[in-house]
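Participant: Predicted coordinates and the sequence they were generated for:
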Amino acid sequence: MKTLPYGKQLVDTDDIEAVAAQLGDDWLTQGPMVAKFEAALCEITGAKYAVAVSSGTAALHLACLAAGVGANDVGITSTLTFVASANCIRYCGARPHMVDVEPDTALISIPALEAAVKAQRPRVIIPVDFSGAVADLVAIERIARSVGAIVIEDAAHSLGAEYLHGGATYRAASCAHTQMAILSFHPVKHLTTGEGGAITTNDGALYAKLMTLRSHGITRDPAKLTRNDGPWYQEQQSLGYNYRITDLQCALGVSQAKKFPRFLARRREIAAMYDAGFAKLERIAPLRVRDGVTSAYHLYVIRFLDGADKRKAAYLALREGGILPQVHYVPVHLHPDYAPFVAGQAFPGADAYYAGCLSIPMYPALTDADVKRVIDAVGEIASK
């Protein structure tokens, strides 16, 4: 019986040919294919600039550095996320402050965020788009402005998602209501470069900072040099990192980006089939998508409303049948390394979500028969 993981890349012959062709090119890294991939990301998101990097975590780190996050600063993010969303604040020497989520959307709670911002006065706020749905960026922008904080949208889950505001439609990572956004191209994401990430922005000054920080903090720009010994001359003017992505990876990314509309449409078709298949099940509920949001469905999450015991039994039963679900995520506040940062805080929304959440297979290569198999398996578990 075919194994169905919760997520999986879809790499076709044309993707393989694109990478093979790049192997025969003069450029394997730091070449023109990187810029082509960045242009494709701008077209998908609507942002003015994109800076491709080696991972989503690298993107988060560089975005925080470009935002000026440092010692004595506070950064706020959701406790319901992969730890990189919080770790990037610590990488800069700042203190992370975790905020609770809505249990039925897994998105950051706006009342909880408002209270935290008032008390903590953060340098940066990192709202996390979850499962493919966009956080309430309009409200978050308003809250951030009250204390002069920079907003970095963690859009690792939401490439292709949309949200409505004031009669207009905005895209995830467009930076219409944020200063920056980050993306991830891990194999389970909407398009893949193997590993990889990107930062998008509409701010030219931030873009220039990000481009320099991506490559050791070194510049060759004659207008920025403190001296110029000749055309070979370069200067490290800030402490940057080697977070560069290769032309090989970007060749794959460019090829994948051409198929992105098809990938996105298929994810939404699968989600609609799941919605219909689970509509009559009692005590099992899909994750709610906020009004005005069109999800990109990086994940499809079901919630066992009776809690952790039922979720664990379902997890084990599905695996026995060759269906490999996952739990997204162990909340940050439950990790021992974060105990000093969350002492005295309570996270009832995240705890309630975590107790019953289960991510079931969601990727474009799933056939209709695969989807029916998952629906039937979940239905059989629910009946017991």
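Facilitator: Received it, and whenever you're ready, just let me know what you need.

Participant: Let's verify G230: helix, strand, or coil?
Facilitator: coil (DSSP: H, G, I helix; E, B strand; the rest coil).

Participant: For it, grab the count of nearby residues.
Facilitator: 5 (other Cβ atoms under 10 Å). C-beta: built from backbone N, CA, C; applies to glycine.

Participant: Packing partners of the one helix or strand A59 maps to?
Facilitator: In this assignment (DSSP states H and E), A59 forms part of helix 56-66. Packing partners of helix 56-66 (3 or more Cβ pairs under 8 Å, 6 or more residues apart in numbering; DSSP states H and E): strand 49-53, helix 84-91, strand 150-154, strand 180-184, strand 197-201, helix 204-213.

Participant: Out of the ones you listed, which is closest to I140?
Facilitator: strand 150-154 (5.9 Å; Cβ to Cβ).

Participant: export that closest one as PDB, just CAs?
Facilitator: Provided in PDB are the C-alpha atoms of strand 150-154 (Å, rounded to 0.1, in the frame of the first residue of the first chain):
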ATOM      1  CA  ILE A 150       8.700  46.800  12.800                       C
ATOM      2  CA  VAL A 151       6.500  43.900  11.600                       C
ATOM      3  CA  ILE A 152       8.000  40.900   9.900                       C
ATOM      4  CA  GLU A 153       5.300  38.500   8.500                       C
ATOM      5  CA  ASP A 154       6.400  34.900   8.900                       C
END
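
Participant: and the next element down the chain from it?
Facilitator: Beyond strand 150-154 toward the C-terminal end (DSSP H and E), the next one is strand 162-165.

Participant: quick one on the thing from earlier: so which of the helices and strands packed on helix 56-66 comes closest to L107?
Facilitator: Going by Cβ to Cβ, the one of the helices and strands packed on helix 56-66 nearest L107 is strand 150-154, 11.2 Å.

Participant: nearest spatial neighbour of the most centrally placed residue in the chain, skipping sequence neighbours?
Facilitator: When Cα atoms, centre = their mean is applied to the chain, the residue found nearest the centroid is A156 (1.3 Å). Spatial nearest neighbour of A156, excluding adjacent residues (Cβ to Cβ, 6 or more residues apart in numbering): S184 at 3.9 Å.

Participant: what does H190 give?
Facilitator: L159 (4.5 Å).

Participant: What lies in contact with the helix holding A59?
Facilitator: By Cβ atoms under 8 Å, 6 or more residues apart in numbering, the residues outside helix 56-66 that reach it are 51, 53, 75, 84-85, 87-89, 91-92, 94, 124, 126, 152, 154, 156, 180, 182-186, 196-199, 206, 209-210, 213-214, 241, 243.

Participant: send the alpha carbons of it over as PDB?
Facilitator: Coordinates of each C-alpha in helix 56-66 appear next as PDB, following Å, rounded to 0.1, in the frame of the first residue of the first chain:
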ATOM      1  CA  GLY A  56      13.600  30.200   6.000                       C
ATOM      2  CA  THR A  57      15.500  30.400   9.300                       C
ATOM      3  CA  ALA A  58      18.300  32.500   7.600                       C
ATOM      4  CA  ALA A  59      15.500  34.700   6.300                       C
ATOM      5  CA  LEU A  60      14.100  35.300   9.800                       C
ATOM      6  CA  HIS A  61      17.600  36.000  11.200                       C
ATOM      7  CA  LEU A  62      18.500  38.500   8.400                       C
ATOM      8  CA  ALA A  63      15.100  40.200   8.600                       C
ATOM      9  CA  CYS A  64      15.600  40.800  12.400                       C
ATOM     10  CA  LEU A  65      19.100  42.100  11.800                       C
ATOM     11  CA  ALA A  66      17.900  44.500   9.100                       C
END
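
Participant: Could you report the separation of G240 from I375?
Facilitator: 49 Å (Cβ to Cβ, to the nearest Å).

Participant: Likewise for A285?
Facilitator: 15 Å.

Participant: again with N72
Facilitator: N72 is 52 Å from I375, by Cβ to Cβ.

Participant: Looking at those two, which is more packed in?
Facilitator: Neighbours were counted for N72 and for I375 using other Cβ under 10 Å; I375 has more, 17 against 8.

Participant: roughly how far out does the helix or strand where I270 lies sit from the chain middle?
Facilitator: Taking DSSP H and E as the criterion, the element that holds I270 is helix 260-278. From the chain centre to the centre of helix 260-278 is a distance of 19 Å (Cα atoms, centre = their mean, to the nearest Å).

Participant: Following element in sequence after it, please.
Facilitator: strand 284-286.

Participant: same for that following strand, what does it pack against?
Facilitator: Short answer (3+ Cβ pairs under 8 Å, 6+ apart): strand 284-286 packs on helix 260-278, strand 300-304.

Participant: Output the ones you listed in TSV; the columns should cover mean neighbour count.
Facilitator: Converted to TSV, the helices and strands packed on strand 284-286 look like this (neighbours: other Cβ atoms under 10 Å):
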stretch	mean neighbour count
helix 260-278	17
strand 300-304	24
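
Participant: Can you add mean pLDDT and distance to C357 and give the ones you listed back as TSV?
Facilitator: Below are the helices and strands packed on strand 284-286 laid out as TSV (pLDDT from 0 to 100; distance: least, Cβ to Cβ, whole Å):
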stretch	mean pLDDT	distance to C357
helix 260-278	98	14
strand 300-304	97	6
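
Participant: Out of these, flag the one nearest T169.
Facilitator: If we rank these by Cβ to Cβ, the stretch that ends up nearest is helix 260-278, at 14.8 Å.

Participant: helices and strands around that closest one, which ones?
Facilitator: With contacts taken as 3+ Cβ pairs under 8 Å, 6+ apart, helix 260-278 sits against strand 284-286, strand 300-304, helix 368-383.
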